[in-house]
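**Student:** The following block contains a protein sequence and its predicted model.
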Amino acid sequence: MNGTAAATGSASCRFAHYFVVCGVDTETGLEPDDGAGEGFEQSPIRRSFKSKVLVHYPESTDRNPFNKDAVNMLCMPRGLSFRTQADRLDPQFHSFTMSFDDGTRSYGFVHTFYEEVTGAQIITAMQTLYQMHHVEHHSASSVSSPSSSSSSASSPSTSSMDSLVSSLDESDAESLAGVSACFGCAGSFDPARDTLYVSKAICLLTPLPFLQAARQFLSQLHQAVTSHTAPPLPIESYIHNILYEVPLPPPGRSLRFHGVQGPIVCQRPGPGELPLGEYPLGEAFSLLGVDNMVQLITCVLLETQVLLCSQDYQRLMTVAEGVTTLLFPFQWQHIYLPIVSAPLHHLLDAPVPFLLGIQRREGAQRSSLHLPHEANLCFVDIDNRCVEAPEDLPVFPEQTELIQELSEVLLRFGLPPQGGVITKPATASPRMSSLVLEDLMEDRRNGNLGGEELAVLERLQALARRCGEEKMSDGGKTLGHVFEEEEEELKAAKLNVQLREVFAGRFAAMFGRYEEFVIHSALDLDSWLSNREGTFSFDKGSFLSVQPASHLHFLSHFLETSMFSSFVDGKVISRWADREPLQQLFDSRLERERLYDTDTEDSRNCRYRKCTTVFESAQVIERRLMKADHTAIHPHLLDMKIGQGRHQPGYFPKLQADVLAQGQNTNKWSGRVTASRRTDLKRSTVTEHSGVDNEQRQKHTFARKNLRQSKLLDPSLRAVTQTHREFAEWLLSECRLKTKRMLMERMGKESVELGQGEANITGLQENTLIHGLCDLLERTWGHGLQLKQGKSALWSHLLHYQAARGKTETPAESPGQRSSGSFDDGTLLLRGSLIQDMRFIQTMSEGLSEVGQARAWIHLALEKKMLSQHLKELLTNQQLLRQLYKPHAFLLCEEEREQFLFHLLSLNTVDYLCFTRVFTSITFQLNISFGLCIPYRVVIIPMKKLSIAMATVDPWVLSTLQLGQENSGLLAKCLIDCVMVYNEITGHTYKFPCGRWLGKGVGDGSLERVLIGQLVSPGGEEDAGRWTGTPPELASPSQSVRAVLGSLGSRSRMLSVEVQEDMREAANNLVKHFHKPEQERGNLTVLLCGEGGLVLSLEKFLLHGFKSNRLFQRNVFVWDFVEKSVVSMETADQMGDLHGSTLTKGPPCDLLCHYVNAINASPRNIGKEGKFQLLVCLGIRDRLLSHWLPLLAECHLTARTYEEGALLRDRAAVHSLSRILHTLNEFAITLETALVKGVDL
């Protein structure tokens, strides 16, 4: 094998893939960086200029081609920086990551330093720029005429600096030099006095995040360059060694290789350990604090848009990498660029979840950032320790206990949980140059020192610490400092793994049983791939049903994320292919925990358990770092020509391409490594060959979730246009999938309403999907937005549209005014316009942000089935669209926009009550505080056109209606069939069946009734109660039911078994009502007074076997019997004789008499049926009903009033019913005001 083949063939197992040098190209000269956003009023010495990749080795590799533009942009995100000897010239370190289309990443580690400029062309160009800047600045400050300002605006510095220099001869430069200038001020440059320095970066690209090892290697390399003493070998030897001769550490092993000034150790986790993560989590937690970090991780888990901001690039990487490593076993699936340079700021327009990082200019304020997406954005100001999370962010499960456990881990390592100032680590980590001490250090790492030698080394360490800053050798550090650095590295590694174990333990506790809910419906992989979008791979409803109630809000949102979907897809695919490494590791951990976990506690009531593996994992890391398992070959002389590799202090040498472009076979190491790793390479080759089809299938599976990451780093206009085109396709695909998911979920909810599943879980999932739709609309309206009011892009557009309509049209009719449309047999077809709905939302906007108003408007439009129509109307104003949006915006893509609206239109096939149910509390608060009147239109439909009655409705959610008769006029008696109520805001129609008389001397003599209603579809009465969006709630007992109850003939035919079954069913409905979460409970009044409710069931029980002496079999009422029984009890008590009855005088008897008398004394004319209903409701509220029933059964009137086979005369039936009613005493029942109005009990 020749050298080139060896270099490229072993690239996958090498420690580093590329070595790169970036800086100024002396041949092309200076070129201003237009994308840096710097004004020409700034001194040229403070401006940024374009950098270039000067050299990179090797030229390219097969599996990891070199992306020159991307690497240059990430190595020097702000371009070239110039300094003078008056400025700080401290070297800086930062890292970056590059994502590839297949999901893999490459890590870059950059050491940036300042090097003296020796090229006369660069110095002359800088001098010329400064003199021109001074002249323009002086003239602009002294002359304020428009001509001077316009000439200043058209600065020639927009052209290339090399062409500028070439156009100036020496005489021109001398004449410019004569201009008086303030050369002593900041940002000045005088070549006769100042030394010019320019930034240069050396970078190492690695396949794994070996942060500490790469930092040490680069800093040692730079120190060797700046040292007055030449290194033992040419610089090329060390670069060649790390590129071609240092392998990746085997899994579970550590490796020592040599830098310029000393050994460097790196390690790699084993198969059963967490993946490699060297970014210091302790620093990330100290930068933000535990509370903010947990909140940030919650945002990342729920795939919000996350934007990091800091002046320090390495802080951006530390936080971003720290957060993503804590996601195990899940992986971030969207845009991931922790460092976004100025040419890539267009990615802030991305309408998809992202994790981006931008550098904050010194003195820049948060308000100066133009962010099109803020509704679902998590903005993290790292330098100021501030996290701005989106509104209504779910709380991480058991967040308080998690924060406490994390705080305990940090305190063990001496870090404050609330965060603190981080001392920036030194960029240089030089080792001792003394060979004796170096050997001692290596022997200590390898564990080869023992007994007497180890004691000697420890005494040397103690002596070095006592001596303080005494130098051990020229350019080296004290032995004590070396030990301290090693201890700090070990401490950081142990802290990393312990914090990661805590989060891994949390996810194991939350998803320990996830495999039980994975659905394997496909027979083979091809069929599963072809039906992926229409297949449910995870039973979310069943999974949520076994989770603690406090976890549901977070979990319902997390189950809808791409990272969880990808995780489940990987589990499904594992039936036909090898499992993903992370998933395999997670599953093995779960299996191990099940072996040792004997706790059978219900998962819904489980207690928080701290992680038990933190110390064990830290010990494994410590053992590897303290003793290196393998040692790479030392750097050696290369086959270089005489005179090459000469050391020039302070300047990074021009590297010899002939020895670095490829690996050399002048040593035996290459063959030895090939022999030692031949088995592994064969095994990997077989695995790769067998997994080709699987890899392609996985790419196909996740194609809809992953953008082309490699194209995101291309700042060219063509690539930017293509990127935004992909964003538009992404939005369209996401809209299609979300609407389809909502439709399928809605159909599933209808199954629940028919008795399948749990309503509280499906309601939670529905709210989560609607929240996701709101987020999608906000991201869609934020794409390409250039003019915005507030944080909500959608609400901003609505406000602009409202303002534009207000200028051209008369004000729209307010929500409370009546417009065209009328009732037709109880049905209203009126729909509110877009402006009407906006104005209503604005009237309830107190306490709602712009984002909250936009969500309320979406909920209202969705409930009215007007969402697609409203948005289509909003987009008709093309002039406004072009004014608000950039040309690449999704809303200006006509074809995609129409398809988007078509998908939203499909939601009109199902019905939602999302606005009515979600925003109820806000509306009620406004009713109380501001007297907001919700416009209702009421039509009372009599059996015959007899009279006009008046009705009072409860606000907003209509379940009860109080109907009253004035008892005046010639026709004061009327038979009411039903009452129809129309809500002009939501467009809902409610039907309140009555079927009874109102008026004195007819029926039960009632002048007012409390009716129970139900929501009906706009189609008419024939479909009443069959509305798709809500199960048909129990309405008021209809006329037919009352006829059955009141007819003696029908009463005699009532079966006792049916009556008892109805009674048990009514009580059971009440029990189930109180066992549901409070936010998922229905209306209690319906269960008490509606058809099939407790009142009607008890009335059936008391009417069973009832005798009557009335002629013509006229209606009788239970209240008559109750009244007579109370009178009999009171009379018997006064006479002191209970006539031989078994009735016992006591508090229940007194209370029954008191309640009945109070109801009779009420000024309300609610009739006998209403009085009995009120008595039952008060009795069940005050836990007395179960005691009253035996009293009525034991009353001496019962034998004369009821037949022999009546249920009330059956002791067993009465006792059974009393026990059923007694079970309701454990619930706190609150009655509506309409039921107990006028009765003070």
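**Tutor:** Alright, I've got the coordinates.

**Student:** residue ranges with poor pLDDT in the stretch 801-950 of the chain?
**Tutor:** Filtered on pLDDT under 70, the stretch 801-950 of the chain yields the residue ranges 808-832, 845-846, 920-950.

**Student:** quick one: the helices in it?
**Tutor:** 834-843, 850-863, 867-874, 878-884, 894-905, 914-918, 920-930 (DSSP state H, counting those that start in this stretch).

**Student:** CA atoms of stretch 116-124 as PDB?
**Tutor:** Taking Å, rounded to 0.1, in the frame of the first residue of the first chain, the C-alpha atoms of stretch 116-124 are listed here in PDB:
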ATOM      1  CA  GLU A 116       3.300  40.300  13.300                       C
ATOM      2  CA  VAL A 117       2.600  41.500   9.800                       C
ATOM      3  CA  THR A 118       5.700  41.500   7.700                       C
ATOM      4  CA  GLY A 119       4.200  42.000   4.200                       C
ATOM      5  CA  ALA A 120       4.700  45.600   3.100                       C
ATOM      6  CA  GLN A 121       1.600  45.500   0.900                       C
ATOM      7  CA  ILE A 122      -0.700  44.700   3.900                       C
ATOM      8  CA  ILE A 123       0.900  47.400   6.100                       C
ATOM      9  CA  THR A 124       0.600  50.000   3.300                       C
END
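
**Student:** now what about that stretch, what contacts it?
**Tutor:** Applying CB atoms under 8 Å, 6 or more residues apart in numbering, the external contacts of stretch 116-124 come out as 24, 26, 29-30, 82, 126, 162, 165, 173, 191, 195-198, 650-651. To be clear about C-beta, it is placed using only N, CA and C from the backbone, and glycine gets the same treatment.

**Student:** thinking again about what came up before, okay if I get the helices of the stretch 801-950 of the chain as CSV plus mean neighbour count and distance to residue 274?
**Tutor:** Below are the helices of the stretch 801-950 of the chain laid out as CSV (neighbours: other CB atoms under 10 Å; distance: least, CB to CB, whole Å):
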stretch, mean neighbour count, distance to residue 274
helix 834-843, 20, 48
helix 850-863, 24, 37
helix 867-874, 20, 45
helix 878-884, 14, 47
helix 894-905, 16, 41
helix 914-918, 21, 40
helix 920-930, 13, 44
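
**Student:** can you put those in CSV and add distance to residue 74?
**Tutor:** Listed next are the helices of the stretch 801-950 of the chain as CSV, based on distance: least, CB to CB, whole Å:
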stretch, distance to residue 74
helix 834-843, 45
helix 850-863, 33
helix 867-874, 39
helix 878-884, 33
helix 894-905, 32
helix 914-918, 44
helix 920-930, 47
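
**Student:** what residues are up against the nearest residue to residue 777 once chain neighbours are set aside?
**Tutor:** In space, and not counting its chain neighbours, residue 777 is closest to residue 794: 5.6 Å by CB to CB, 6 or more residues apart in numbering. Contact analysis of residue 794 by CB under 8 Å, 6+ apart lists 375, 777-778, 781, 854, 857-858.

**Student:** rewinding a little: pull the most distant pair out of the contacts of stretch 116-124.
**Tutor:** 173 and 650 (27.4 Å; CB to CB).

**Student:** neighbour count winner among these two?
**Tutor:** Using other CB atoms under 10 Å, the more surrounded residue of residue 173 and residue 650 is residue 173, with 14 against 11.

**Student:** Distance of residue 1214 relative to residue 1065?
**Tutor:** 18 Å (CB to CB, to the nearest Å).

**Student:** Mean confidence (pLDDT) on the helix or strand residue 217 falls within, please.
**Tutor:** Element membership for residue 217 (DSSP states H and E) is helix 211-226. Helix 211-226 shows a mean pLDDT of 92.

**Student:** Name the residues that touch that helix?
**Tutor:** Helix 211-226 is contacted by residues 15-16, 91, 93, 95, 107, 109-111, 113, 202-204, 206, 231, 235, 238-239, 242, 259-262, 264-266, 278-279, 427-431, 475, 489, 649-653 when judged by CB under 8 Å, 6+ apart.

**Student:** Give me the pLDDT for residue 318.
**Tutor:** With respect to pLDDT, residue 318 scores 95.

**Student:** That one: helix or strand, and which one exactly?
**Tutor:** Residue 318 belongs to helix 313-325 when assigned by DSSP H and E.

**Student:** angle of that helix against helix 211-226?
**Tutor:** Using axes from the mean of the first three to the mean of the last three CA atoms, to 10 degrees, one finds that helix 313-325 and helix 211-226 are set 160 degrees apart in direction.

**Student:** what residues are up against the closest residue in space to residue 1070 that isn't next to it in sequence?
**Tutor:** With CB to CB, 6+ apart as the criterion, residue 1070 has its nearest non-adjacent residue at 5.5 Å, and that residue is residue 1087. Shown in contact with residue 1087 (CB under 8 Å, 6+ apart): 1034, 1066, 1069-1070, 1073, 1093-1094.

**Student:** how about 10 Å then?
**Tutor:** By CB atoms under 10 Å, 6 or more residues apart in numbering, residue 1087 lies in contact with 1012, 1033-1034, 1066-1067, 1069-1070, 1072-1074, 1081, 1093-1095, 1229.

**Student:** State which helix of the chain is the longest.
**Tutor:** helix 717-753 (DSSP state H).

**Student:** In the helix or strand hosting residue 1132, which residues are buried?
**Tutor:** In this assignment (DSSP H and E), residue 1132 forms part of helix 1118-1135. Buried residues in helix 1118-1135, counted by 16 or more other CB atoms under 10 Å: 1118-1119, 1121-1123, 1125-1126, 1128-1129, 1132.

**Student:** where along the stretch 651-800 of the chain do the helices fall?
**Tutor:** Using DSSP H, counting those that start in this stretch, helices in the stretch 651-800 of the chain cover 657-660, 669-676, 678-690, 692-701, 709-712, 717-753, 759-782, 793-808.

**Student:** same for the longest one, what does it pack against?
**Tutor:** Going back to what we said before, that points to helix 717-753. If you count contacts as 3 or more CB pairs under 10 Å, 6 or more residues apart in numbering; DSSP states H and E, helix 717-753 packs onto helix 540-545, helix 709-712, helix 759-782, helix 894-905.

**Student:** cutoff 6 Å now
**Tutor:** helix 759-782, helix 894-905 (3 or more CB pairs under 6 Å, 6 or more residues apart in numbering; DSSP states H and E).

**Student:** can you pull the alpha-carbon coordinates of the longest one into PDB?
**Tutor:** Right, the one you point to is helix 759-782. In PDB, the C-alpha atoms belonging to helix 759-782 read as follows (Å, rounded to 0.1, in the frame of the first residue of the first chain):
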ATOM      1  CA  ALA A 759     -61.400  11.000  27.600                       C
ATOM      2  CA  ASN A 760     -58.900  12.900  29.800                       C
ATOM      3  CA  ILE A 761     -55.900  11.600  27.900                       C
ATOM      4  CA  THR A 762     -57.400  12.200  24.400                       C
ATOM      5  CA  GLY A 763     -58.400  15.700  25.500                       C
ATOM      6  CA  LEU A 764     -54.800  16.400  26.600                       C
ATOM      7  CA  GLN A 765     -53.500  15.100  23.300                       C
ATOM      8  CA  GLU A 766     -55.900  17.200  21.300                       C
ATOM      9  CA  ASN A 767     -54.800  20.400  23.200                       C
ATOM     10  CA  THR A 768     -51.200  19.500  22.500                       C
ATOM     11  CA  LEU A 769     -51.800  19.100  18.800                       C
ATOM     12  CA  ILE A 770     -53.700  22.400  18.600                       C
ATOM     13  CA  HIS A 771     -50.700  24.000  20.500                       C
ATOM     14  CA  GLY A 772     -48.400  22.600  17.800                       C
ATOM     15  CA  LEU A 773     -50.600  24.000  15.100                       C
ATOM     16  CA  CYS A 774     -50.300  27.500  16.700                       C
ATOM     17  CA  ASP A 775     -46.600  27.100  16.800                       C
ATOM     18  CA  LEU A 776     -46.500  26.000  13.100                       C
ATOM     19  CA  LEU A 777     -48.600  29.100  12.100                       C
ATOM     20  CA  GLU A 778     -46.300  31.400  14.100                       C
ATOM     21  CA  ARG A 779     -43.200  29.900  12.400                       C
ATOM     22  CA  THR A 780     -44.800  30.100   9.000                       C
ATOM     23  CA  TRP A 781     -45.700  33.800   9.400                       C
ATOM     24  CA  GLY A 782     -42.300  34.500  10.800                       C
END
